[in-house]
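Participant: Please find the sequence and the predicted model below.
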Amino acid sequence: MFDKLKKKIYGFEEKLTQGQHCEQIVKSFLESEWRCHVDDVPQLLQRHGIDFIVTTPIGLSFSVEVKSDFTAAKTGNAYIETSVGEKPGWIYKSVAQKLFYYVPPSGVMFCLDMDAAKQRVKVWEKIFEKRKVQNPTYEAEGLLVALDELEFLATNVVQIERVEDEKETTAHWQKQYEGVDGASKNVAQGKESPREQGV
């Protein structure tokens, strides 16, 4: 399975535009629904995987990296980048405390502790398919991680704005898990995900 790695060409500017648009949707959600104060960060921190610094109404602050994935709604898989050429991918390189993985067509956002996600990669490598992605200037490799695995690991799963063709709609949300500032209840209790149990 791993020997037949598919490649797909992605336009850098198109991805950048989509990513920036989705970051603004997430930022708007955090400010309007969670009543958080959201600070943009300088370019130096952006290079280290931090998109925002979020401060909650009770004074808790944490750094966030936002990843948007327009194909995950169709495939049921998130793309977790593990390497770019000879360098680490964003899952290893990011110094953000939280990973907010947003699937625009469904409007679902998975809120994960970044350290917990990094620690999970070794398990995911045993379970999920590897995939190479060819960009105009570089080749990346990552894992196709099922969205139900992200849900298992998530501290929160929220419903925000659906974006089919980058058209804005009214934001709404549904909080399914508590503890965005803590660890996943499943992880804290030492549970194995259904997919991990089959390894």
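Facilitator: Received, thanks. Residues are numbered from 1 along each chain as shown.

Participant: so E81 sits in a strand?
Facilitator: Yes. Per DSSP: H, G, I helix; E, B strand; the rest coil, E81 lies within a strand segment.

Participant: contacting residues around it?
Facilitator: Residues near E81 by CB atoms under 8 Å, 6 or more residues apart in numbering: 89-91, 133, 140-142. All C-beta spots, glycine's among them, are computed from the backbone N, C-alpha and C.

Participant: Out of those, flag the one nearest to A72.
Facilitator: G142 (12.4 Å; CB to CB).

Participant: I'd like to know how far the closest residue to that closest one other than its chain neighbours sits from P104.
Facilitator: Excluding its sequence neighbours, the residue lying closest to G142 (CB to CB, 6 or more residues apart in numbering) is E81, at 4.1 Å. From E81 across to P104, the span is 18 Å (CB to CB, to the nearest Å).

Participant: so Q97 touches C111, yeah?
Facilitator: No. The pair formed by Q97 and C111 falls short of the contact definition of CB atoms under 8 Å, at 11.1 Å.

Participant: ranges for the helices of this protein?
Facilitator: 12-32, 43-46, 72-75, 90-93, 114-127, 147-153, 185-188 (DSSP state H).

Participant: Nearest the middle, which residue of the protein would you pick?
Facilitator: Y101 (2.5 Å; CA atoms, centre = their mean).

Participant: Quick one, which of the helices of the chain gets closest to I58.
Facilitator: Across these, closest to I58 is helix 12-32 (CB to CB), at 14.2 Å.

Participant: what comes up buried for that closest one?
Facilitator: 18, 22-23, 25-27, 29-30 (16 or more other CB atoms under 10 Å).

Participant: go on, stretch 41-54?
Facilitator: Those would be 45, 49-54, for stretch 41-54 by 16+ other CB under 10 Å.
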